[in-house]
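# missing the sequence, but the structure's below:
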C-alpha cells in the first residue's frame, strides 16, 4: 500500500476486530556504520503467515532475530498480545527473554547447527526445550518429545539418532519439533528450506502448512525464495537496505508489485 | 434492496518501472450490484475485463475510485481497506474463480477442496464428504481424489479449482472465464451451481469467453471499450 492508501484505510471501518498478535514499531539497528534496520514496523495477526522477502543483507534475518529477542535495537518497540506480557519486550532482561523465547516463541534457523545440539539425541534436543519450561518427569519429557517429532513428520524410529547423523531435511524437522514442542504462539522461520533439495523442500513446506492449518500457529517466514513465500504467506513484506519498501497481500505483491525493487524481484523470479 | 457492491469511477494502470512507462488498463468504471444479480463484463481481448475483476478482488491495487462493499457493519472501500480486512472478506464472503489452479506440491485434490471448509470450521469428516461430493459433481474421477493435481491435465485441474472455489456460498463471486477448457458435463455442473448460488442471493460478476453458456443467468452487461488516455494522467 502507498502512504496515501494507508492513510485512507485508517478511516475505513475495521472488519478485523482481533488485535494483532505481534506489533513492532519503529525498530532501527546499526552495527557500526552498517544500517541493518531502519524504522521498521510490522504487525502480524493471530493465525496469519507473514512472509519477509528481500535480497541478502536487506535486514530480513536481522528483523527475525529481533522478533526472537536475540538482539536489542537502538530504537523501537515490540509487543506480543499474550497474557502477562505488558510493555515493550525489548525492555525485558536476559532471563525473562530466555523464558519467553523458550515457551512462547519457536524458531527454525536455516542452519540446523544454530538451533540444535548436534551431539545430543534428536529427542533430547526437543526435550531440552520442555525442561526449560519446567517439565521434569522423564516419561512426560519423552512422550511430549515424541508427539512433537511426530507432528513434524519425523520418523520416530530415529528419534534417538543425533542430528549430526541425519540429512538436512531431517535436521529441519527436529528443529521444527523443538520449536513447536511447547505450542508457541509465534513460530519464526528463517530460510527453513534453503539448501534442501526440491522434493524435501516440498515435504517441509507441506508439514508447515499442515501445522499452520491444524494448530493455527501464527508464523513469520523469511526467505529469498519467492516460490516458498508465495506458497506459504498470506501477506508479504519486501525489505531492502534495512527498510520495508512495500507490503501487501501475497497475491497483490506477486501480481501487481508497486515498488521498482519489488518489480525487479518478482520479474527475476517469473 | 441494499447493494452488495457500488463501484465508483474505478481506474487502474500499471507503472512499469523497468520500462519507464505506465500501462493503462481502464478508468471511470462505475456500477452497482445487488444480491442475486449477475453482471456480465463484455469487450474484446485486452480491454481490461480480467484486470477489473482482479482489481475488485484487490489482487491489483486500484489507481483511483472506490469499491464500496456493504457488510452488516457498514460499507467498506475495498480500494483502500486494510490487507487484513481484505483477507478476512476473502475467507468469508468474496470468492474468485479462475480457470487456473495454483496447485501446491504434494497436496491431494480432495485436500485442496476441503481447505475452505476446514477454515470455516467444518469437522474433518464432514468436510471430506462435502469435498468428494463436489469433485464428483464436477466430474473428477474417484481415483484422482487422493492424487496430486500438479500432475493433472488443465481441464481436470480446473474442475478441482471450481469445486474448491464454489463449495462454500459467498456473498460476492468474481468469475474469470470459469468455463474455459471445461468439457460439456463439467460446464453443465458449473452452470447449475451458479444458478443455485444466484437463487440463494449470491451476487456475481463474470467474464466468459462464450457468454451464451450463462445466458439464462445474466441480469445486466457492461461493455468495456478501449479508451484513449492522455500521456500524463496525474497519479
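Cool, the structure landed. It should be emphasised that the depicted structure is a prediction, and the values quoted were computed from it without experimental measurement.

# From now on I want contacts and neighbour counts done on CA atoms only, so please keep to that.
Noted.

# Can you tell me the element residue B:187 falls in?
When elements are assigned from DSSP states H and E, residue B:187 belongs to helix B:184-199.

# Quick one: name whatever helix or strand follows that helix.
Counting by DSSP H and E, the next helix or strand C-terminal to helix B:184-199 is strand B:203-207.

# Within the sheet, what are the partner strands of that next one, with directions?
Next to strand B:203-207 in the sheet, as set by DSSP bridges, lie strand B:38-42 (parallel), strand B:172-176 (parallel).

# quick one: the strands in the chain?
In the absence of a named chain, chain A is used. Remark: strands assigned in chain A by DSSP state E are A:22-31, A:34-44, A:49-53, A:75-80, A:105-108, A:186-190, A:218-222, A:235-240, A:243-249.

# try chain B instead
Under the criterion DSSP E, strands of chain B are mapped to B:3-16, B:21-34, B:38-42, B:64-71, B:74-77, B:94-97, B:172-176, B:203-207, B:220-223.

# can you list these in a markdown table and add mean neighbour count?
Putting the strands of chain B into a markdown table (neighbours: other C-alpha atoms under 10 Å in any protein chain shown) gives the following:
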| stretch | mean neighbour count |
| --- | --- |
| strand B:3-16 | 19 |
| strand B:21-34 | 16 |
| strand B:38-42 | 22 |
| strand B:64-71 | 20 |
| strand B:74-77 | 18 |
| strand B:94-97 | 21 |
| strand B:172-176 | 25 |
| strand B:203-207 | 24 |
| strand B:220-223 | 13 |
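
# Export those as TSV, with columns for distance to residue B:85 and mean pLDDT.
As requested, the strands of chain B are arranged in TSV below (distance: least, C-alpha to C-alpha, whole Å; pLDDT from 0 to 100):
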stretch	distance to residue B:85	mean pLDDT
strand B:3-16	16	94
strand B:21-34	21	92
strand B:38-42	25	96
strand B:64-71	12	95
strand B:74-77	9	91
strand B:94-97	12	92
strand B:172-176	15	96
strand B:203-207	20	96
strand B:220-223	28	94
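
# could you dump those strands to a markdown table with distance to residue A:171?
Output for these, formatted as a markdown table (distance: least, C-alpha to C-alpha, whole Å):
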| stretch | distance to residue A:171 |
| --- | --- |
| strand B:3-16 | 42 |
| strand B:21-34 | 47 |
| strand B:38-42 | 52 |
| strand B:64-71 | 47 |
| strand B:74-77 | 46 |
| strand B:94-97 | 39 |
| strand B:172-176 | 43 |
| strand B:203-207 | 48 |
| strand B:220-223 | 56 |
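
# Leaving out chain neighbours, which residue sits closest to the closest residue to chain B within the stretch 151-270 of chain A?
Of all residues in the stretch 151-270 of chain A, residue A:252 sits closest to chain B, at 4.3 Å by C-alpha to the nearest C-alpha. Leaving out its chain neighbours, the residue that sits closest to residue A:252 by C-alpha to C-alpha, 6 or more residues apart in numbering or on different chains is residue B:59, at 4.3 Å.

# ditto for residue A:172
Excluding the flanking residues, the one nearest residue A:172 by C-alpha to C-alpha, 6+ apart is residue A:112, at 6.5 Å.

# Touching, the one you found and residue A:176? I think so.
No - at 10.1 Å, residue A:112 and residue A:176 do not qualify as touching, with contact defined as C-alpha atoms under 8 Å.

# Comparing these two, which shows the higher neighbour count?
Higher neighbour count among residue A:112 and residue A:176: residue A:176, with 30 against 21, using other C-alpha atoms under 10 Å in any protein chain shown.

# wait, doesn't that one sit right on residue A:151?
No - between residue A:176 and residue A:151 there is no contact under C-alpha under 8 Å: 9.1 Å.

# Chain B against chain A: which residues are in contact?
B:14-18, B:58-61, B:74-77, B:80-85, B:87-88, B:104-107, B:119 (C-alpha under 8 Å from any C-alpha of the partner chain).

# same thing but 7 Å
Within chain B, the positions near chain A by C-alpha under 7 Å from any C-alpha of the partner chain are B:17, B:58-60, B:76-77, B:80-85, B:105.

# so how many other residues sit close to the residue in chain B positioned nearest to chain A?
Proximity to chain A, evaluated over chain B using C-alpha to the nearest C-alpha, is greatest for residue B:59 at 4.3 Å. Each residue near residue B:59 was counted by other C-alpha under 10 Å, and the total is 20.

# just checking, it touches residue A:254?
No - Residue B:59 lies out of contact with residue A:254 (C-alpha atoms under 7 Å); the separation is 8.7 Å.

# Tell me where chain A is predicted with low confidence.
A:1-14, A:269-270 (pLDDT under 70).

# Counting neighbours, which bits of the longest helix along it end up buried?
In chain A, taking DSSP state H as the definition, the longest helix is helix A:198-215. Buried residues in helix A:198-215, defined by neighbour count with 16 or more other C-alpha atoms under 10 Å in any protein chain shown: A:201-209, A:212.

# Intersect the residues you listed with the contacts of chain B.
residue A:202.

# nearest residue to the residue most central in space within chain B other than its sequence neighbours?
The geometric centre of chain B, computed from its C-alpha atoms, lies nearest to residue B:96 (C-alpha atoms, centre = their mean), at 2.3 Å. Ranked by C-alpha to C-alpha, 6+ apart and with sequence neighbours excluded, the top spatial neighbour of residue B:96 is residue B:174, at 4.7 Å.

# Closest to the centroid, which residue in chain A?
residue A:188 (1.6 Å).

# Please tell me how far the nearest residue to it once chain neighbours are set aside sits from residue A:189.
Among residues not flanking residue A:188 along the chain, residue A:107 sits closest, at 4.6 Å (C-alpha to C-alpha, 6+ apart). Using C-alpha to C-alpha, to the nearest Å, residue A:107 is found at 6 Å from residue A:189.

# Residue A:219 too?
7 Å.

# Could you do residue B:178 as well?
Plainly put, residue B:178 is 36 Å away from residue A:189 if you go by C-alpha to C-alpha.

# any residues touching stretch A:196-206, and which ones?
With C-alpha atoms under 7 Å, 6 or more residues apart in numbering or on different chains as the test, stretch A:196-206 has contacts from A:168-169, A:193, B:105.
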